[in-house]
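Asker: any chance you could fold what I've pasted below:
(chains A and B, ligands or ions: 2)
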Amino acid sequence: MTATANRVPAQSPARQRGLLGFNMLTGIILGVVGWWVFYLLGGLIQGYTNHGFSQTGQNDVQIMLGYLGGVIGFLGGLGFLNYPIQRMMGYPPNIPDHEVEEPGLGKYFRLTTDHKVVSQQYFVGIAFFFFVGGLNAMLIRTELLSPTTHVFGAQQYLTLVGVHGSMMMGMMTSGVLGPFANWLVPLMIGSRRMAFPRMESLTFWLLMAAGVVLITTVFFGGFQTGWTGYEPLANQGTAGYDAYLGFFGLVSISMTLLGLNLAVTIATMRAPGMTWSRLPIFCWSVVATAALMVLAAPMLTATLLMGISDRTLYTAFFDPGLGGSAYLWQNLFWVFGHPEVYVLAIPGFGIVLEILPVFARKPLWGYKIAVSGMLGVAIFSFFVWQHHLFVSGMNADLRPFYMLSTEIISLPTGFTFLAFMATLWRGRIRLTVPMLFCLGWAFNFLFGGISGVFNSDTPSDVTTHGSFFVMAHFHYTIMGGLLFSVMAAMYYWGPKMFGYKLNERLGKIHFWVMFLAFNSTFGPLFAVGFLGMPRRVVTYATNLTGLNDWVSVSAYVLGLSLLLFLFNMVYSWMYKRIPAEDNPWHSRSIEFQLPTPVPAQDFDEIPVFSGDPYPYGEALAPAGAEPATAGAY
Amino acid sequence: MDAVSSGYQQEPHQWRLRSLSAGAKMWCGSTSGFMGAFLFAYFYLLALDPNHSWKIGKNVNPSGGLGVAIMAVFVLSGLLLWLGSRRPADEITTGVVAIVLAVVGIALQFVDYGVLGFGPYRGGYASVFYGWTAVFTLGALGGIYWMETSVAALWRARKNGFADTDEELLRVGLQSCALWWSYYVALGVLMYVVLYLV
Ligand code: HEM
Ligand SMILES: [Cu+2]
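Answerer: Ligands and ions are numbered 1, 2, ... in the order given. Now for the predicted structure:
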């Protein structure tokens, strides 16, 4: 038995240089071709006519097949079919155990097995669709400047809300694991690669395909359901809803594979000495998140397939007239949906707790408590979903259970806060930009969590449900929580990932503008909700105009603060280009002991780990000095 | 964290083996979530029975005999692959038979669709019936792909007497595939019991 076989070096750099070959351009071309071929074929298939949905007169079979053909063509053009075909012909698995340096920009537009390149692709790709979603938000707030319809009609408004919500939920799901976990995990555990590198790349390109599919909804009349896609409105709606189904279908597959890949990597590929109790806290947050992705996302896939088959195969899962039930969608959606909201929360915990010790110059307080908190949240999140249905016709006897289970989930969440505060306690705090964003995270997420308790309390949810209060709640947790932690991560790891410094002063301005504008936007929405303004309605009571205008103006400033960040990146990385130091924050964690930019192979040799992951203060490493023992790197 | 070089330029061989089998186990978890949604739909619609439309009209019952036959073929396939993956001497033969059986199972499912006599719009039951069996068939196609690649790799490697090939990796690959496939078939048994026999 040879251990060295199959270890071919990464693909030769000379291959696939030009525009011809398997790359994004080919993918797009074949994607368009695939769409038309399948779309035209779909037109030939005649559906049954003895069924209610066919009365809408739209050919969903054709559209769904078009999406399928488009995605297959896109992935095929990127080269994702080559390896599976080779394997079918009996060629053995072939995974390079480390990468080799490849000059040029071509690698960013292709299937690549370098985890660092995939991370960068993720970052840019998600940022693009985030920008699209953000523009939608600005348009929504523009419409809400006045209590009557003035810019968009009701239909268009609802589509804007739906595309905004779906895009953000779908993209931000991978917003940490895509760009950061893919980059950090192989470095932090010393594995030099992900367990399944091609799958890693596939998750990215699937997500990009998904984003495009969602945008195409505008060609088919949009959809009116918001991101939750509730039946029966969904099936009464237009063909634009097919794009929703396709979008979340692709996102759910991407999510499952992303989680699986990360979980397997951490479970089986930790370098010698990297025991579970030495695993950096960020990796633990990835474990908890990945577990949710692996188990919950397939449920969404299944639910969407039911929705698709209702529209194409004339099943009636969600059609009450024919033995189905709209509540079935509501339940299945939230069985997935609540774990999903923790997919959006836990990675933030991980980032913040990872960064905190560096700027408090103290070991992470309560490592085990923090780990059990994150795992606890992950497990509990499967038992609370009906809190979304308190006033949506659920069996009233179930309310107390779900109320309790939801309120109990605040406990493990609290563990994270405990670790957060105790780590700061008597630390030697440096208020760098990443640290500011971590503190901002704590402030915002606290409000998010506390308002969650209002929602989970059935009596008070009767008033808050369906109102802007809920909207404010989840924006505090996701935008105030997750997005702030993503910003912390960008300022902290970004220069290491991309090789150049970010401007510190601009960073501080960005933080303060974003922090204030965020709170000024979403804080008043709690009040707006209490005052009875419902979500997803284009008009509102005239007495709420003042508050709404305030919110809209704040939202524009919030949007500007994100443009400021964009400007900082363009200015620092494309114009100024000051090379980032190897370890600008005097971090003790392993990725900062590597040179900047991190070499293609990560480590020349597999590292051996020893000791605690957060030895700050122990080896007398005062702030501002080189760490006393930096190890071999 | 302190870290020193291990002196190993190549990653431990174990990593590849372990990530394959761990991956297969987690994939079983994902599959459970996926199938669980249909199980949930079945009991939810059965219990709720909106408009008394669980079964609309007469004869919304599939043939139990055909259901048992499909189930038996899949179980045999799973069992054979599982046993064969543990006996290097038979792995190719059992693998090929397991693939053929899976194809037969899918074919029988289509025969079943042909003779059913009720369409998917005939109530909650009919919807779950069609939806669930269809995705099961789709998953079985995925299973066939996985079995085929595992067996084909072993077959090709065997032709060269395992020169230049990592025999252990291929074997663990087949075993991981067998683990998932038998698990999948077990979920299928649950599905057939619920849909055809209950
Ligand atoms: C202490 C923790 C939390 C509690 C007790 C809680 C509770 C709730 C409850 C009861 C609802 C339903 C409200 C209604 O529709 O009437 C809700 C909605 C929501 N929560 Fe939370 N939540 C918590 C944390 C989070 C986190 C961490 C996130 C995401 C990162 C999140 C995201 C959401 C979203 C997106 C919705 C609204 C979904 C929709 O209707 O569109 N929540 N929360
Ligand atoms: Cu929830």
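
Asker: CA atoms for contacts and neighbours, from now on please.
Answerer: OK.

Asker: now do the contacts for the residue in chain B positioned nearest to ligand 1.
Answerer: In chain B, the residue that lies nearest ligand 1 is B:Ala37 (20.1 Å; C-alpha to the nearest ligand atom). Residues near B:Ala37 by C-alpha atoms under 8 Å, 6 or more residues apart in numbering or on different chains: A:299, A:302-303, A:332.

Asker: quick one, strands of the chain?
Answerer: Since you didn't name a chain, this refers to chain A. With DSSP state E as the criterion, chain A has strands at A:607-610.

Asker: switch to chain B, please.
Answerer: Remark: strands assigned in chain B by DSSP E are B:2-5.

Asker: point out where it drops to low pLDDT.
Answerer: For chain B, the stretches with pLDDT under 70 are B:1.

Asker: ok, the most centrally placed residue in chain B to B:Val75 distance?
Answerer: Of all residues in chain B, the one closest to the mean position by C-alpha atoms, centre = their mean is B:Tyr184, 3.6 Å from it. The spacing between B:Tyr184 and B:Val75, counted by C-alpha to C-alpha, to the nearest Å, is 10 Å.

Asker: same thing with A:Arg192?
Answerer: According to C-alpha to C-alpha, A:Arg192 and B:Val75 sit 40 Å apart.

Asker: which one of the two has more residues nearby?
Answerer: Using other C-alpha atoms under 10 Å in any protein chain shown as the criterion, A:Arg192 and B:Val75 rank with A:Arg192 on top: 30 against 24.

Asker: verify the stated contact: the more buried one with A:Gln601.
Answerer: Yes: A:Arg192 is within contact range of A:Gln601, at 6.7 Å (criterion: C-alpha atoms under 8 Å).

Asker: how does chain A divide into domains?
Answerer: A:17-100, A:117-610 (automatic domain parsing).

Asker: start and end of the last one, how far apart?
Answerer: Spelled out, it's domain A:117-610. Start-to-end, domain A:117-610 (C-alpha to C-alpha) is 28 Å.

Asker: can it be found next to ligand 1?
Answerer: Yes: counting by C-alpha under 6 Å from any ligand atom, ligand 1 is contacted by domain A:117-610 at A:341-342, A:344-345, A:387-388, A:406-407, A:410, A:449, A:452-453, A:455-456, A:461, A:464-466, A:470, A:474, A:477-478.

Asker: gap between that domain and the chain center?
Answerer: Taking the mean C-alpha point of domain A:117-610 and that of its whole chain, the gap between them comes to 5 Å (C-alpha atoms, centre = their mean, to the nearest Å).

Asker: repeat for the first one
Answerer: Between the mean C-alpha point of domain A:17-100 and the mean C-alpha point of its chain there is a distance of 24 Å (C-alpha atoms, centre = their mean).

Asker: can you tell me if it touches chain B.
Answerer: Yes: judged by C-alpha under 8 Å from any C-alpha of the partner chain, domain A:17-100 and chain B are in contact via A:51, A:87-92, A:97.

Asker: could you dump those residues to CSV with neighbour count and pLDDT?
Answerer: Putting the residues of domain A:17-100 next to chain B into CSV (neighbours: other C-alpha atoms under 10 Å in any protein chain shown; pLDDT from 0 to 100) gives the following:
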residue, neighbour count, pLDDT
A:His51, 13, 47
A:Arg87, 19, 94
A:Met88, 18, 94
A:Met89, 16, 94
A:Gly90, 19, 91
A:Tyr91, 20, 91
A:Pro92, 24, 87
A:Asp97, 23, 82
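
Asker: which of those residues fall within helices?
Answerer: A:87-88 (DSSP state H).

Asker: okay, and the common contacts of A:Arg192 and A:Gln601?
Answerer: A:His98.

Asker: for the worst-scoring helix or strand of chain A on mean pLDDT, which positions count as buried?
Answerer: The weakest-scoring helix or strand in chain A, judged by mean pLDDT, DSSP states H and E, is helix A:233-236 (a mean of 82). Neighbour-count burial for helix A:233-236 flags A:234-235 (criterion: 16 or more other C-alpha atoms under 10 Å in any protein chain shown).

Asker: dump it to PDB, keeping only the CA atoms.
Answerer: The C-alpha coordinates for helix A:233-236 follow below in PDB (Å, rounded to 0.1, in the frame of the first residue of the first chain):
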ATOM      1  CA  LEU A 233     -50.100  33.600  -1.000                       C
ATOM      2  CA  ALA A 234     -47.200  32.000  -2.600                       C
ATOM      3  CA  ASN A 235     -49.300  29.800  -4.900                       C
ATOM      4  CA  GLN A 236     -51.600  32.600  -5.700                       C
END
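
Asker: which other helices and strands does that helix contact?
Answerer: Using 3 or more C-alpha pairs under 8 Å, 6 or more residues apart in numbering or on different chains; DSSP states H and E, no helix or strand is in contact with helix A:233-236.

Asker: dump the residues of domain A:17-100 next to chain B into a markdown table; add distance to ligand 1 as well.
Answerer: Listed next are the residues of domain A:17-100 next to chain B as a markdown table, based on distance: C-alpha to the nearest ligand atom, whole Å:
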| residue | distance to ligand 1 |
| --- | --- |
| A:His51 | 31 |
| A:Arg87 | 40 |
| A:Met88 | 41 |
| A:Met89 | 45 |
| A:Gly90 | 44 |
| A:Tyr91 | 44 |
| A:Pro92 | 42 |
| A:Asp97 | 35 |
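
Asker: what two of the residues of domain A:17-100 next to chain B have the greatest distance between them?
Answerer: A:His51 and A:Asp97 (54.6 Å; C-alpha to C-alpha).

Asker: and the pLDDT for whichever residue of the stretch 351-500 of chain A sits closest to chain B?
Answerer: For the stretch 351-500 of chain A, the residue closest to chain B is A:Pro363, as judged by C-alpha to the nearest C-alpha, at 10.8 Å. Looking at A:Pro363, its pLDDT stands at 94.

Asker: tell me how many other residues crowd it.
Answerer: A:Pro363 - counted by other C-alpha under 10 Å - has 20 other residues nearby.

Asker: report the contact partners of it.
Answerer: A:357, A:423, A:614-617.

Asker: among those residues, which are in reach of chain B?
Answerer: A:614-615.

Asker: most neighbours of all the contacts of A:Pro363, which one?
Answerer: Most neighbours among the contacts of A:Pro363, by other C-alpha under 10 Å: A:Pro357, with 26 neighbours.

Asker: isn't that one right next to A:Tyr614, touching?
Answerer: Yes: if you go by C-alpha under 8 Å, A:Pro357 and A:Tyr614 touch, sitting 7.0 Å apart.

Asker: okay, and the common contacts of these two?
Answerer: Jointly contacting A:Pro357 and A:Tyr614 under the rule C-alpha under 8 Å, 6+ apart are A:363-364.

Asker: now the helices for chain B?
Answerer: Under DSSP H, chain B gives helices at B:13-48, B:64-84, B:91-115, B:124-159, B:167-192.

Asker: chain center to the shortest one: distance?
Answerer: Helix B:64-84 has its average C-alpha position 11 Å from the chain's average C-alpha position, going by C-alpha atoms, centre = their mean.

Asker: picking up where we left off before, which one of the domains of chain A lies nearest to B:Ile92?
Answerer: That would be domain A:17-100 among those, by C-alpha to C-alpha, at 12.3 Å.

Asker: ok, now which ones touch A:Cys441?
Answerer: Actually, residue A:441 is Trp. It isn't Cys. A:352, A:480-482, A:484-485.

Asker: and it, how far from B:Ala69?
Answerer: Taking C-alpha to C-alpha, one finds A:Trp441 at 58 Å from B:Ala69.

Asker: same check on A:Ser191?
Answerer: 47 Å.

Asker: those two: which has the busier surroundings?
Answerer: Ranked by neighbour count (other C-alpha under 10 Å), A:Ser191 and B:Ala69 place A:Ser191 first, with 27 against 14.
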